[in-house]
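> Provide a 3D model corresponding to the input given below.
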Amino acid sequence: MQKDGQFAVSQALTMNHLIRAIKKKNPNRACEIISELKEMNADFEHRDADNYYKGCTALHLASHSGYANVVKALIEAGAQVEAKVANGTTTALHIAAQWQRADCVRALIEIGKADMDAREKIVK
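Numbers count the residues shown, from 1 in each chain. Presented below is the predicted three-dimensional model:
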């Protein structure tokens, strides 16, 4: 039996694997990892530490990449649709719309009930 600390480390490692699968353009593996994490009752709000994607959740990354199947799986697993990246205002819906990922936009709105009135603050 794992202790709480070991369980948390296991979840964090698996979340890193999820983020890596999305970045490496392997959405099928990402969906498999989401299933594993769902069984662990994982917190899907783990943030990426990479400089370019710093502060992004797996949902942000999947929305950016256009992986609607991963976006749907994350929403169904309990990912927070309104989670914001490190700048504090950008949601997965903003990212999907900016990158013209129509299937992701649709999933975020229809399945995730994303707030279409959310405003993004542009920092210059």
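> once you drop chain neighbours, what's closest to Lys23?
Leu61 (6.7 Å; CB to CB, 6 or more residues apart in numbering). Yep, even glycine has a C-beta here, placed from its N, CA and C like the rest.
> ok, Leu37 next?
Once flanking residues are discounted, Leu37 sits nearest to Thr14: 5.6 Å by CB to CB, 6+ apart.
> secondary structure element holding that neighbour?
helix 4-23 (DSSP states H and E).
> now do Ala49
Per DSSP H and E: Ala49 is located in neither a helix nor a strand.
> wait, Leu74 touches Ile34, no?
Yes. Taking CB atoms under 8 Å as the definition, Leu74 is a contact partner of Ile34 at 6.1 Å.
> one step back: okay, the residue nearest to Lys23: pLDDT?
pLDDT, Leu61: 96.
> for the helix or strand harbouring it, the distance to its chain's centre please.
Using DSSP H and E, Leu61 falls within helix 58-65. Computed by CA atoms, centre = their mean, to the nearest Å, the chain-centroid distance of helix 58-65 equals 5 Å.
> quick check: next helix or strand after that helix?
With secondary structure assigned by DSSP H and E, helix 58-65 is succeeded by helix 68-77.
> list the buried residues of that next one.
Neighbour counts over helix 68-77 (16 or more other CB atoms under 10 Å) mark 68-75, 77 as buried.
> ok so, going back, put the alpha carbons of the helix holding Leu61 into PDB.
Output of helix 58-65 as PDB, limited to C-alpha atoms (Å, rounded to 0.1, in the frame of the first residue of the first chain):
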ATOM      1  CA  ALA A  58      -3.100  19.500 -19.700                       C
ATOM      2  CA  LEU A  59      -6.400  21.000 -20.900                       C
ATOM      3  CA  HIS A  60      -4.600  24.200 -22.100                       C
ATOM      4  CA  LEU A  61      -2.000  22.100 -24.000                       C
ATOM      5  CA  ALA A  62      -4.600  19.800 -25.600                       C
ATOM      6  CA  SER A  63      -6.700  22.900 -26.600                       C
ATOM      7  CA  HIS A  64      -3.600  24.500 -28.200                       C
ATOM      8  CA  SER A  65      -2.700  21.200 -30.000                       C
END
